[in-house]
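Peer 1: okay, sequence plus prediction incoming.
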Amino acid sequence: MTRPPADLLVRAAAVHTLVPGEPPRRAIAVTGGRITALSPDPHGLDALAGPATEVVDAPHATVLPAFDDTHTHLVLAGHSVHGVPVHRAADLPGFLALIRERAARTPAGEWIRTTVNWQEVNLAEQRMPTTGELDRATADHPVLVRRGAYNMVLNSAALRLAGITAGTPEPPGGVIERDADGRLTGRLINTATELAERVLPRPGLAERIDGLRAASAAYAATGIGTVRDCLVPVEDLDVLRAARDQGALAVRVRALVSGFAVRTPEEVDGLLDRVGDWRAAGHEDARLSVWGVKFGIDGGFEAGALEEPYQGRPCYHGRLLWEPKELADAVDRVAGRGLRVGVHAWGDRGLRVLLDVFEDVLARRPGLPAGTLVVEHGGLARPEQRARAIALGVPVTVQHPLLHDGALTQRRAWGAERTGALFPLREWLDEGAELSAGSDFPVGPYGAMLSVWGMTTRRTVAGVLGAEHAIERAEAIALHTVNAARLTGESAERGSLRPGALADLTLWPADPLSHPVDDLRDLLPERTVVAGRTVHHG
Ligand SMILES: [Zn+2]
């Protein structure tokens, strides 16, 4: 029997298949988007090379599966990818210079917006810019400085357009910051950000697709081939679909539709009807599909729900965002439609209450398939909570890059002990948890080897934190590949390199399993391949 010639044939120093017990291979062949053959001999698949085969001779290189980022925000990244890259600034003068530079080549009156993946405590001055500073960078453009989703600073022109004055009342759950003299600082927090949001020009579909094209290519350039987007507004499913249909998605997308705006049973049902209709219309394929729905039970660095009070604030324990019974009802409705649920839990009280909720739902639905209910982050996971999560069979997604960038912010709020105790990966794995890894970009930076480096060294912007929680690099790689594919229910298709599996792979200039660990942080792939197609070429 003759086999059809390969589309792609790679000869490498090592092909780590991540199939348990299998020694490294030296050649891998891809046809029709799938892996067709592997060989221990670099020339063992030469017979599959035809005239149209792309042959990659890389005797120095190492092949691994493409990585998953199991908790990230591609849609948000698409919004901000063309923003002023203030995440590269080391201090406020540098930050403001980038804005001034963009203003110089932007027509007067047009909005100037920043990227959102940065933390003010990581700037030399450890603070946000002020309205006055932004006004001096440009008075001719409305400027919106944004960090993450819920923190903004506006210049005077932007405040005017948003209709915000010293007399504007604060919306419930929001802060319009004022200085000691009652003057606006330009800072908007939480729900107050909606005041700016509603006057921003809405990007058209072409611009949205362009943003997703650039953002997904940037993920692929770090070795990521699949993203699990943990906050997709339901109306954005059609934007992702249009991007996919135009070939603009470099990575596969597994979407968690945002349940953050729904509360009552009717609202939950309304959301699930829309998701159900979208799926029933046949919009899903191997490139884009709905994983489930996302909720959040507590806040993050400054509002995660803790058992013990915040540092220096004896009456503040963070915030729980749901009544447990109401959340259990909402999760139950989602599970009843056959969808999975990921719930954000950051503090130890948040995680404890979430496990109560999951226990309640599992008691109502004893036959629920394993992996239906997932803990997102489970940041501060105490031994008794780990034991409960493992006993319940609840997977947990972890994100070292979030700790890396947020360590200073978190230490201010929680103190050193609780910050260093975040993401106890060594314990989770030793105790038998079902873990997988991601970034939580834009709060943490993404990157395949950046994350492996972080999980193995426990390095952060505040130095090494909780070194005892570090894991081995082979384990860290598995959290982004084999384990990640289990989380999305695609073990038969992705996560390891086997004949018949989807051809999602990465080619590295050095072997990540033996490369000096300190250099892993900056190690980037020479090539990222998704479905047999090269989506990044370094
Ligand atoms: Zn997130």
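Peer 2: Arrived safely.
Peer 1: use CA for all of it now, contacts and neighbours both
Peer 2: OK.
Peer 1: the strands in the stretch 201-350 of the chain, which residues?
Peer 2: 224-232, 252-258, 288-296, 340-345 (DSSP state E, counting those that start in this stretch).
Peer 1: Ile112 is nearest to which of those?
Peer 2: Nearest of those to Ile112, taken as Cα to Cα: strand 224-232 at 24.1 Å.
Peer 1: quick one, helices of the stretch 301-450 of the chain?
Peer 2: 324-336, 348-364, 383-392, 400-414, 416-420, 425-431, 448-457 (DSSP state H, counting those that start in this stretch).
Peer 1: scratch that, the stretch 51-200 of the chain
Peer 2: Counting by DSSP H, counting those that start in this stretch, the helices of the stretch 51-200 of the chain are 74-80, 92-104, 131-137, 156-162, 193-197.
Peer 1: tabulate those (CSV), appending mean neighbour count.
Peer 2: Listed next are those as CSV, based on neighbours: other Cα atoms under 10 Å:
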stretch, mean neighbour count
helix 74-80, 22
helix 92-104, 18
helix 131-137, 19
helix 156-162, 19
helix 193-197, 18
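Peer 1: now render the ones you listed as TSV, adding distance to Ile297.
Peer 2: Below are the helices of the stretch 51-200 of the chain laid out as TSV (distance: least, Cα to Cα, whole Å):
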stretch	distance to Ile297
helix 74-80	21
helix 92-104	34
helix 131-137	33
helix 156-162	31
helix 193-197	21
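Peer 1: tell me which of those helices lies nearest to Arg533.
Peer 2: helix 74-80 (20.2 Å).
Peer 1: helices and strands around the closest one, which ones?
Peer 2: helix 205-220, strand 224-232 (3 or more Cα pairs under 8 Å, 6 or more residues apart in numbering; DSSP states H and E).
Peer 1: and among these, the most buried is which?
Peer 2: strand 224-232 (a mean of 26; mean count of other Cα atoms under 10 Å).
Peer 1: kindly reformat the strands of the stretch 201-350 of the chain as CSV containing distance to Glu22.
Peer 2: As requested, the strands of the stretch 201-350 of the chain are exported to CSV (distance: least, Cα to Cα, whole Å):
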stretch, distance to Glu22
strand 224-232, 23
strand 252-258, 27
strand 288-296, 30
strand 340-345, 32
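Peer 1: thinking again about what came up before, so for Pro40, which of the helices and strands packed on helix 74-80 sits nearest?
Peer 2: Among the helices and strands packed on helix 74-80, strand 224-232 comes nearest to Pro40, with 24.9 Å by Cα to Cα.
Peer 1: between the closest one and helix 448-457, how big is the angle?
Peer 2: 80 degrees (axes from the mean of the first three to the mean of the last three Cα atoms, to 10 degrees).
Peer 1: so how far is strand 224-232 off the chain centroid?
Peer 2: The chain centre lies 6 Å from the centre of strand 224-232; the measure is Cα atoms, centre = their mean, to the nearest Å.
Peer 1: quick one: average pLDDT of that strand?
Peer 2: The average pLDDT within strand 224-232 is 97.
Peer 1: so what strands line up beside it?
Peer 2: strand 67-72 (parallel), strand 252-258 (parallel) (DSSP bridges).
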